[in-house]
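K.L.:
heads up, no residue letters with this:
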């Protein structure tokens, strides 16, 4: 099983390595824009008791970025299923379907980790204190869990929808609202109770809180539950293709 997972990951790494320069440059654009617009621009007019708005913003950007990178990394599964018709080759290959799912999702995690390292470097250049990085183990685990969750979301969507337009709708109706409402750019504490209740069900809210405030057992367990559920759903849906 482990060898099969590593084989799938190695294949994706070869693809990424050929495009690594473009990947790095593309991953730097959005965080820099957020840091300039919100950290330097808007942030100068915002005072927080816990520190500067820039320090508050960076964990939110990391949560948002890992969501987007891990999700987009799996969109190729949709093309392989619908357009290239190559997903059947993986099903007929001498590897376990479970190993294929783990390999694809863990490859998305690797991309998210690379992107996170780039953001941390840029944040230091912008003058962020990175106090949230006092516990590297907690930081790493939360980033990995968040990446697994949204890679799993895309994997399930890629096996379900028939067109790129439908796949983009998942981004529009699910990822886009979470990008702005789940504590990435502002605290959810001041939101109306009903809205806050809904938002605190969503995984990105807990990722933002864990990255910003440190370890919190309920939030950690919620992220772990989401990750396990989406891995299970991804494996179950992928195995159905072979029936």
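P.N.:
Here it is on my side, so go on. The model shown is predicted, which means the values in this text are computed figures rather than measured ones.
K.L.:
Off-centre distance for stretch 188-208?
P.N.:
18 Å (CA atoms, centre = their mean, to the nearest Å).
K.L.:
Mind listing residues that contact it?
P.N.:
By CB atoms under 8 Å, 6 or more residues apart in numbering, the list of residues contacting stretch 188-208 from outside reads 59-60, 63-64, 66-67, 142, 145-146, 149-150, 178-179, 181-184, 216, 219-220, 222-223, 226. (Glycine included, C-beta is placed from N, CA and C.)
K.L.:
Name the residues of it that are buried.
P.N.:
Within stretch 188-208, the residues that qualify as buried by neighbour count (16 or more other CB atoms under 10 Å) are 188, 191, 199, 200, 202, 203, 204, 205, 206, 207, 208.
K.L.:
try stretch 208-218
P.N.:
Those would be 208, 209, 210, 211, 212, for stretch 208-218 by 16+ other CB under 10 Å.
K.L.:
now swap in stretch 77-86 and tell me
P.N.:
77, 78, 80, 81, 82.
K.L.:
Compute the first-to-last residue distance for that stretch.
P.N.:
With CA to CA, to the nearest Å as the measure, stretch 77-86 spans 9 Å from end to end.
K.L.:
For this structure, just list every one of the helices.
P.N.:
For the chain, the helices defined by DSSP state H occupy 2-18, 20-34, 53-73, 75-82, 87-92, 97-126, 136-160, 164-170, 176-181, 193-199, 203-213, 217-240.
K.L.:
Could you tell me the least trusted of those?
P.N.:
Set side by side, the helices of the chain differ in mean pLDDT, and helix 87-92 is lowest with a mean of 73.
K.L.:
Give me the residues contacting that one.
P.N.:
77, 80, 81, 97, 100, 241, 242.
K.L.:
Contact partners for the second one?
P.N.:
For residue 80, the set of contacting residues under the criterion of CB under 8 Å, 6+ apart consists of 86, 87, 90.
K.L.:
Which residue, other than its chain neighbours, is closest to the first one?
P.N.:
Residue nearest to residue 86 in three dimensions, not counting chain neighbours: residue 80, with 4.7 Å by CB to CB, 6 or more residues apart in numbering.
K.L.:
So the one you found versus residue 106, what's the distance?
P.N.:
Residue 80 is 17 Å from residue 106, where distance means CB to CB, to the nearest Å.
K.L.:
same thing with residue 158?
P.N.:
As for residue 158, its distance to residue 106 is 16 Å (criterion: CB to CB).
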